[in-house]
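Undergrad: the following block contains a protein sequence and its predicted model.
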Amino acid sequence: MAEHPVEYRIDRHSGVPAYLQIVQQTQQALRMGLLEPGDKLPTAREVVESTAINPNTVLKAYRELERAGLVEARRGVGTFVLRTLNGTGTGSPLRAELDGWALRARAAGIGRESAAELLTSVLDEHFPKGDQ
């Protein structure tokens, strides 16, 4: 199987439909700069092999991403990324600041869970619930 910048993980106990998990994980990869315009998404067959979900579920997720204007399906060639989200990829100044913050938190002895809780509390102060 070919390597791709994104590898889907399906949580069957989350209550979130598998197709939506694929959409959300793809969007996250776009936000993080793991996927960039021109990158090829894994084929439906590759996703089925790695996740054991129905091929129609993968195709539904890819159609949803296409409707959102994020990817383009090219018949017989594959599905390709058209654009990223929010410009917060690895080269982003905001990501660099957050990276520095994470390094300082770790150096101060703050564990991963505590750092995540701290970040979440700050985000909750500045972004109303449900704000994308």
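TA: Everything's here; your move.
Undergrad: could you list the domains of this structure?
TA: 18-81, 93-126 (automatic domain parsing).
Undergrad: so what does the least confident helix or strand in the chain by mean pLDDT touch, helix or strand wise?
TA: Ranking every helix and strand in the chain by mean pLDDT, DSSP states H and E puts helix 93-107 at the bottom, with a mean of 83. For helix 93-107, the packing partners by 3 or more Cβ pairs under 8 Å, 6 or more residues apart in numbering; DSSP states H and E come out as helix 112-126. Every C-beta, even on glycine, is put in place using the N, C-alpha and C of the backbone.
Undergrad: and the angle from the helix it packs on to helix 93-107?
TA: 140 degrees (axes from the mean of the first three to the mean of the last three Cα atoms, to 10 degrees).
Undergrad: pLDDT of helix 112-126, averaged?
TA: Regarding helix 112-126, the rounded mean pLDDT is 89.
Undergrad: quick check: phi and psi on the residue nearest in space to the middle of the chain?
TA: Taking Cα atoms, centre = their mean, the centroid of the chain lies closest to Gln28, which sits 2.3 Å from it. The phi/psi pair for Gln28 (degrees, to the nearest 10) reads phi -60, psi -40.
Undergrad: and the gap between His126 and Leu119?
TA: 11 Å (Cβ to Cβ, to the nearest Å).
Undergrad: and those two? Which one has more around it.
TA: Using other Cβ atoms under 10 Å, the more surrounded residue of His126 and Leu119 is Leu119, with 14 against 7.
Undergrad: contacting residues around that one?
TA: Neighbouring residues of Leu119 by Cβ atoms under 8 Å, 6 or more residues apart in numbering: there are none.
Undergrad: and Val71, by the same measure?
TA: Thr26, Leu41, Tyr62, Leu65, Thr79, Phe80, Val81, Leu82.
Undergrad: turn those residues into TSV, including distance to Val16, neighbour count and secondary structure.
TA: Below are these laid out as TSV (distance: Cβ to Cβ, whole Å; neighbours: other Cβ atoms under 10 Å; DSSP: H, G, I helix; E, B strand; the rest coil):
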residue	distance to Val16	neighbour count	secondary structure
Thr26	14	25	helix
Leu41	19	26	coil
Tyr62	17	24	helix
Leu65	16	22	helix
Thr79	21	24	strand
Phe80	25	15	strand
Val81	22	21	strand
Leu82	24	16	coil
